[in-house]
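Trainee: Predicted model and sequence follow; I will ask about them next.
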Amino acid sequence: MVTRVLVVGGGVSGTAASLAARKAGAHVHAVWGPAGASTLTSGALHGAQDEMTAEAAAVLETLGLHRKARALLATVAGTLREAAGYDAALLDLGAALPEGGIVFVPRSTSPGWDADLLARAWSETGEAQGRRLRFMAGGGTLLRFTDEDRLPDADLAARHDDPARVRWLADRLKEDLAGLAEAKAVLLPPWLGLVRPQAVALSRLVGVPCGEIMSSPGGPAGLRFDRHRDEAFTAAGVETIRGWVAAITATPSGFVARLEGGPIPGTFHAVVLATGGLLGGGLRYEPSEARPGTELPAAPSPSFRVTLDAQVLVGQGGHPLGIPGSLFGVAPESLVWPFVGDGGIGLDVAARVGVLSTPDGSVRGGPPGLFVAGELEADQPRGWLDALVSGARAGSLAAHFRT
Amino acid sequence: MIVRPAEVDVAIIGGGINGTGVARDLALRGLSVALFERNDLAFGASGNSSGMIHGGVRYLSSNPSVTEQSCRDSGYIQRIAPHLLFRIPFLMPIAAGKKGRVLLELVDAYFRAYDDYQPLKRGEPHTRLSAEDAQRLEPGLQADMVGAITFDEWGVDGARLCVLNALDAREHGARIHVHTTVEAVTKLPAATGAEPRYAVRGRDLGSEQTLDVHARAVVNATGAWAPITAALGALPQRRVRVRPGKGIHVVYERRLVNYAIAADTIDGRTVFLEPWQNVSVLGTTDDDYYGDLDAVFATSEEVRYLVQAVAKVFPSLREARAIGTYAGVRPTLYEYGPHEDKLSREHEVVDHEGDGAPGVYSLLGGKLASYRLFAQEASDRVAARLAPATRSTTHARPLPGGERVPDALRLAEDHDVTPVAARRLVYRHGNRTEPILARLSRTPKEREVVCPCEPVTAAEVRHVVAEEMACTVDDVARRTRLGYGACGGMRCAVRCGQIVADARGLAPREGLLQAQAFLHRAGRARAAALGPEQARQEALARAHLTAILGRS
């Protein structure tokens, strides 16, 4: 009998779980609601995974993404970043210019693209100096129509889905490059296609590697991920349902799932929860003071909860969260701390909180057959590739699960 | 190369509202002024107030001269900077109960007395509302009321007020040195009978270069830092004492109320939730402060104390989205014994002639609402020695941009910007909006909206760097409210840093470091009031910032 698997969540971990489960021969339903963290990806893949499992590598390939140790990508902040992989539309400066050289940065009247400032900023970074990379701004005709200097990145990316537009852009770039013969690559704003990355086609036409910088949240890279996921699901035969899952219940005949709008028909042998963390919407920070109450808040409760109803334990450090010793929840200053990047500054809210799991990937304290993957899982490293590997593993386990 | 110290009439230490107010007053009288500010203009209490120049209504029963002073001076401020003031009507619900009816009569009578002072500041008289009327005007109220009182106050951006004073001073010859800390104030040797002169040594914190001036008078206008500054001049501490009072505010992402709602705290103080431009502000506390004046942050405890009070009458506040907090320290006049709330809010000019330093003055106490009067009194003292025939004109001459308030909608059409952007520009710059918009037409690239929450264009960022003494992303934010919105600077801080670095000829990396410093401070301030939606926003900011600034 074929195992019926339900995967809740359409981000990278949910997608990996669905595809891996399907590959292992299960009948897969994938459910997800609004866009989450993966749709907000910048196009760079991070993660602590030095070794990829076979299942995870297969998923990566299906999604049209490159895995490359120490790729070098440019960002809109004027920095150069290493990544463990990247969306195919991005330009890997390390691969394109292994000996160093000049990168051409075309100008545009688009307000969000200040080619001269960016070129100068990139050139002055330590990475550029170390690799003898130099960025030069020039030219100035990236936009074809007058309305385009008001369009957001994603809309411009959609216009480049048209092969004729790509040819037009290639002609403009070749003209610009005629006066800059030593340029070995072209670095462009995140506009190169929404349905599929056009960077490869553009590079072939222009004659030198062309690619994008990392986009901001809401940019085309995340939307391309969504597209690839949808195509991959169709090709693999994963059934998809759009909706917000309200509850997962274990019954003697299997798991039953209820959407906000009504039940999902049928029962499932195994369920993978991959609804994400705080950003994705799988976890919510909700101290009792944030709920209705007048002089005093409503009754005290743990400050974090999962956003669907299931038999799970929320915790961190291997322990479930208890009721805090305060009517108002824990002091938020204790939840957030500066995270450290290359001198990067920001706040990390409760980095480790999530659904507690057992060593075999199933949910701790939950019914057999319930698995968790991705950011929703407690105490796991958080990177795109980590989510991918954990999703692939959970999907495989779910597919092979026998009551 | 040895640079000869500049010779000025007056050296002013402190770039808050008092320091810049005095600088303006004296510069308008024709005296040469050098002002030193170790952080940025309005860094302290001046830039962290409730955003109102209120008429001091609570002093009516104890000290009506304070009320009259505040109302009169608020009237002058309204006249010299009309673009910078906006109405904030208050609504004070009176709880039902045994004493409810009597209290309503008393408060009504109290505000009837306050009505006499309202014309001084072009304010509206109070009204008395039934519970039903109050409920209708402010549907979010859920108090068991016997009735309510409304009264009228002016809202203002304190940092902009401060900057405009400094700008006017500079346009009349004053030299304003921001990010310059004073390291020593020494009396210069002089012949008997000669006028005393003082050497003020400053250090530019960016370039580490020293900056010396010789002045005939020195004004210590450093607010809560006043005792520290006095020590630099070897002045006795007991003469320059303040009792620092910390006050915090919580900012919510939109206007939650039509009126400013007054509410009572658990310990009998009155706090409020005010609609303020495009956000709401909840404030404030008043606690003795013993910490670092250069790094004052709100705590979640203080936030919870304020929320408790207002949620009692306006429960939906608990579900509103807080997007930040800010904190400042009041330089209240010193007194050992009384509770913070009971301390005097008056101001005092301390003349250090008795301490062997004639021509040196310290300014203690003061309120934003009567800054101009305080500055006038201080300037009169200084001018009595240096320019006796002059008078203050600060009550009559408009601040830069205050000459007239242009039509924002017309400007929006003429320069092809959104009405919101035009309206916000007119608020900040008044009559000086046109040159900024002209930049947009000259250089289309400057149309770029750097901060969508406000909105702030690249043109305005470059303008405040060029014309308003902004040196860092923090400074730009203080002048334009860039990065103070719901996104917490996630979208705009880095870009602002790039523009500031370019405008000032710094390396791009400097801009990035400034942006990081801004994000760090802002993030820390936001943590104290974290709620569900904002926690999600922090996660987004983390994902975004890690991607562009650091390893994951």
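Mentor: Alright, I've got the coordinates.
Trainee: Can you tell me the SS state at residue B:112?
Mentor: State at residue B:112, reduced to three classes by DSSP: H, G, I helix; E, B strand; the rest coil: helix.
Trainee: Which residues are in contact with the closest residue in space to it that isn't next to it in sequence?
Mentor: Sequence neighbours aside, residue B:126 is the residue nearest to residue B:112 in space, at 6.8 Å (criterion: C-beta to C-beta, 6 or more residues apart in numbering or on different chains). Placement of C-beta: from N, CA and C, glycine included. For residue B:126, the residues meeting the contact criterion (C-beta atoms under 8 Å, 6 or more residues apart in numbering or on different chains) are B:108, B:111-112, B:114-115, B:149-152.
Trainee: Just among these, which is most surrounded?
Mentor: For the contacts of residue B:126, neighbours were counted using other C-beta atoms under 10 Å in any protein chain shown, and residue B:151 has the most, 25 neighbours in all.
Trainee: ok, that residue to residue B:532 distance?
Mentor: Separation of residue B:151 from residue B:532 (C-beta to C-beta, to the nearest Å) stands at 35 Å.
Trainee: Residue B:109: how many residues sit nearby?
Mentor: Neighbourhood size, residue B:109 [other C-beta under 10 Å]: 10.
Trainee: How confident is the prediction for it, by pLDDT?
Mentor: What the model reports as pLDDT for residue B:109 is 94.
Trainee: and it, that's in a helix?
Mentor: Yes: the assignment for residue B:109, made by three-state DSSP, places it in a helix.
Trainee: Touching, residue A:192 and residue A:88? I think so.
Mentor: No: because the distance of 9.5 Å does not satisfy C-beta atoms under 8 Å, residue A:192 is recorded as not touching residue A:88.
Trainee: quick one: which of the two has more around it?
Mentor: Under the neighbour definition other C-beta under 10 Å, residue A:192 and residue A:88 were set side by side, and residue A:192 has more, 29 against 22.
Trainee: pLDDT value on the more buried one, please?
Mentor: At residue A:192 the predicted local confidence, pLDDT, stands at 89.
Trainee: And for residue A:402?
Mentor: Reading off the confidence values, residue A:402 has pLDDT 78.
Trainee: ok so, going back, next up, phi/psi of the residue nearest to residue B:112, please.
Mentor: Residue B:126 adopts backbone torsions of phi -80, psi 170, taken as degrees, to the nearest 10.
Trainee: Compute the number of surrounding residues for the closest residue to residue B:158 other than its chain neighbours.
Mentor: Beyond its immediate neighbours in the sequence, the residue positioned closest to residue B:158 (C-beta to C-beta, 6+ apart) is residue B:49, lying 4.6 Å away. Other residues near residue B:49 come to 28 when the count uses other C-beta under 10 Å.
Trainee: Residue B:49 and residue B:160 touch, don't they?
Mentor: No: taking C-beta under 8 Å as the contact criterion, residue B:49 and residue B:160 are not neighbours in contact, 11.9 Å apart.
Trainee: Now the residue lying farthest from the centre of chain A: closest residue in space, sequence neighbours ignored.
Mentor: Ranked by distance from the centre of chain A (C-alpha atoms, centre = their mean), the top residue is residue A:295, with 41.3 Å. With C-beta to C-beta, 6+ apart as the measure, residue B:312 is the residue that lies nearest to residue A:295, at 4.7 Å, once sequence neighbours are left out.
Trainee: Kind regards, and thank you for your time.
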